[in-house]
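Undergrad: structure here, sequence nowhere to be found:
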């Protein structure tokens, strides 16, 4: 400790070392007080009075807008898919193979590798729970089946994968592989 300092020395000592009582610099104290004042105004502006909009407010508004327009988007997307288009694309080996690849990675837990059903229904018999057409299969794959374990794959997969796996699932009908018991209404074979 230097003897020529004017700063007062505190009464305590640690390991023989005494401490000066130096005040904080003025700029530091003003900055600290400024942050306290700013926090008070910030809290009033955004949370008490409600004049400002927080990022959470912006997110909730954007999500509400997205949900409002979801039904319009769904109707527009479904209007562009027809039974004839699905039937025509079911003849494309490329699309069916792509659908099979997606089926192997996403659907086998519920429908087994061959589509004969496990948790989900047997896709190889001539029975269908939701509708009777390829378009109904597409709608089920795309939007799920409320109240069942069938999720809406359009929320998980790109549209091309949903399209391809629905087409692949439609090609399984009529193979009549032994598996899960029949579920749904009897339906005829799909038109080629």
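TA: Nice, thanks for sending it over. The model shown is predicted, which means the values in this text are computed figures rather than measured ones.
Undergrad: and the longest helix along the chain, how far out from the chain middle?
TA: Criterion DSSP state H: the longest helix present in the chain is helix 55-79. For helix 55-79, the separation from the chain centroid amounts to 14 Å (computed by C-alpha atoms, centre = their mean, to the nearest Å).
Undergrad: mean confidence score for it?
TA: The average pLDDT within helix 55-79 is 85.
Undergrad: give me the next element, helix or strand, following that helix.
TA: Next helix or strand after helix 55-79 toward the C-terminus (DSSP states H and E): helix 83-89.
Undergrad: next secondary structure element downstream of that next one?
TA: Next along from helix 83-89, by DSSP H and E: helix 93-106.
Undergrad: residues contacting residue 166?
TA: Shown in contact with residue 166 (C-beta atoms under 8 Å, 6 or more residues apart in numbering): 86, 99, 134, 137-138, 140-142. The way it works is simple: take the backbone N, C-alpha and C, and place the C-beta from them, glycine included.
Undergrad: can you tell me what sits against the longest helix of the chain?
TA: Contacts for helix 55-79 (C-beta under 8 Å, 6+ apart): 139, 142-143, 159.
Undergrad: now with 7 Å?
TA: residue 139 (C-beta atoms under 7 Å, 6 or more residues apart in numbering).
Undergrad: most neighbours, which of the contacts of residue 166?
TA: Most neighbours among the contacts of residue 166, by other C-beta atoms under 10 Å: residue 141, with 31 neighbours.
Undergrad: ok, and the closest non-adjacent residue to it?
TA: residue 166 (4.3 Å; C-beta to C-beta, 6 or more residues apart in numbering).
Undergrad: pLDDT (mean, whole number) over the one helix or strand that neighbour maps to?
TA: Using DSSP H and E, residue 166 maps to helix 159-172. For helix 159-172, mean pLDDT is 89.
Undergrad: ok, then the element right after it?
TA: Using DSSP H and E, the helix or strand that follows helix 159-172 in sequence is strand 185-186.
Undergrad: thanks a lot, catch you later.
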